[in-house]
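S.K.: A structural model of the following input is requested.
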Amino acid sequence: MNTDKGWHVSGEGAIATLTLDRPDKHNLLKMSEVDDLIGDLNALDADTSLRVIVFTGTGTRTFSAGVDLGDILTRDWTDNPVERLADRIEVLRPVTVAALNGNVYGAAADLALACDFRIGVEDMNLVMPPARYGLVFHESGLRRFIEKLGSGTARQLFLASRDMDGHRLLETGYLDQLCTRNDFAGSVTAFAEHLASLSPLSLAITSKAITDISRGTLDSATLKRETVACFSTDDAREGMAAARQKRPPRFTGR
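M.R.: A predicted model of the protein is given here:
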């Protein structure tokens, strides 16, 4: 068990925040600790009271520098821990928000893209360096960039190795929201609270369906059953009652 984790989890109630916490090294991840991080994500995923997970980094300079360069040439990449981590984030039950508090490098850009939403700050940059290092990015990461941003943007990032600032990232669709530094924390909190106010049952089913449709792996029969079943849930009854009574709904996820 890793006793010196490069992250910490905070929060209570429906929203948890996972903060990458190695600011002296730009919040990078060590490959030896990825399994522990996935274990923490599994625990968050199993907490049925949790509706939203916010991923962010310590400080104002960097969300994450991605992989420790010392790991790159010293391990067998047949099993890529970062790829497994990003794939796990992509299918988490709670809605996920990447709060990009600073620059994003390499694999960290894929971890953020695996989230449902991304909020950035105006002075941030995204750097995708594999071609500068003579390396090739992992398959599921390339798929995510092509599916979510298009092959043109993927070529700019991976073939031309173009750095992109916050405004360009907003234009490409990588970012859903771009904030000033002063507005960043408040905007992240407000958006997370908004997500937490929605039906967790509806969000979980719809999020999985969107991911499966984009991958071409949707089980239409299962989605049909879940869609029909939703009409007889407590959440549906509460949502309809709240709409009639013109009040905020109080969803339970049942």
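S.K.: C-alpha only now, for contacts and for neighbours.
M.R.: Will do.
S.K.: and Leu92, helix, strand or coil?
M.R.: coil (DSSP: H, G, I helix; E, B strand; the rest coil).
S.K.: Got the phi and psi for it?
M.R.: phi -60, psi 140 (degrees, to the nearest 10).
S.K.: tell me the contacts of the nearest residue to it once chain neighbours are set aside?
M.R.: Leaving aside its chain neighbours, Leu92 sits nearest to Asp45 (6.1 Å; criterion: C-alpha to C-alpha, 6 or more residues apart in numbering). The contact partners of Asp45, by C-alpha atoms under 8 Å, 6 or more residues apart in numbering, come to 92-94.
S.K.: Tell me how far the spatially most central residue of the chain lies from Thr62.
M.R.: Residue closest to the mean C-alpha point of the chain, counted by C-alpha atoms, centre = their mean, is Cys115 at 2.0 Å. Counting by C-alpha to C-alpha, to the nearest Å, the separation of Cys115 from Thr62 is 18 Å.
S.K.: right, and Leu203 touches Thr96 too?
M.R.: No - in this structure Leu203 lies outside contact range of Thr96 using C-alpha atoms under 8 Å: 10.9 Å.
S.K.: Out of these two, name the residue with the larger neighbour count.
M.R.: Neighbour tally, Leu203 and Thr96, criterion other C-alpha atoms under 10 Å: the higher count belongs to Thr96, 26 against 18.
S.K.: Would you state the strands of this protein in chain order?
M.R.: Using DSSP state E, the strands of the chain run over 7-10, 15-20, 52-57, 62-64, 95-100, 103-105, 117-121, 125-127, 164-165, 177-179.
S.K.: tell me the most buried of the ones you listed?
M.R.: Neighbour counts (mean count of other C-alpha atoms under 10 Å) averaged over each of those peak at strand 62-64, with a mean of 29.
S.K.: avg pLDDT for it?
M.R.: Mean pLDDT, computed over strand 62-64, is 97.
S.K.: One more: stretch 180-193?
M.R.: 97.
S.K.: what's the answer for stretch 168-177, then?
M.R.: So the average pLDDT for stretch 168-177 ends up being 98.
S.K.: Need the residues that contact that stretch.
M.R.: 113, 117-120, 148-149, 153, 166, 178.
S.K.: what do you get if the cut-off is 6 Å, keeping everything else the same?
M.R.: Outside of stretch 168-177, the residues within contact range by C-alpha atoms under 6 Å, 6 or more residues apart in numbering are 118-119.
S.K.: Over to stretch 144-157?
M.R.: With C-alpha under 6 Å, 6+ apart, stretch 144-157 has contacts from 128, 162.
S.K.: That stretch: end-to-end distance?
M.R.: End-to-end for stretch 144-157, by C-alpha to C-alpha: 13 Å.
S.K.: Tell me the buried residues in that stretch?
M.R.: 144-145, 148-149, 153-154, 157 (16 or more other C-alpha atoms under 10 Å).
S.K.: now, which of those sits nearest Cys230?
M.R.: Cys230 has its nearest neighbour among the buried residues of stretch 144-157 in Lys148, at 27.6 Å by C-alpha to C-alpha.
S.K.: so where do the helices sit in the stretch 101-250 of the chain?
M.R.: 107-113, 130-133, 139-149, 151-158, 166-172, 181-196, 200-215, 220-230, 234-245 (DSSP state H, counting those that start in this stretch).
S.K.: that older thread, how about the strands of the chain, which one is nearest Leu37?
M.R.: strand 7-10 (8.2 Å).
S.K.: Partner strands of that closest one, with direction?
M.R.: According to DSSP bridges, strand 7-10 has the following sheet partners: strand 15-20 (antiparallel).
S.K.: Columns distance to Trp7 on top of the helices of the stretch 101-250 of the chain, output as CSV?
M.R.: Listed next are the helices of the stretch 101-250 of the chain as CSV, based on distance: least, C-alpha to C-alpha, whole Å:
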stretch, distance to Trp7
helix 107-113, 14
helix 130-133, 25
helix 139-149, 22
helix 151-158, 27
helix 166-172, 24
helix 181-196, 18
helix 200-215, 25
helix 220-230, 35
helix 234-245, 34
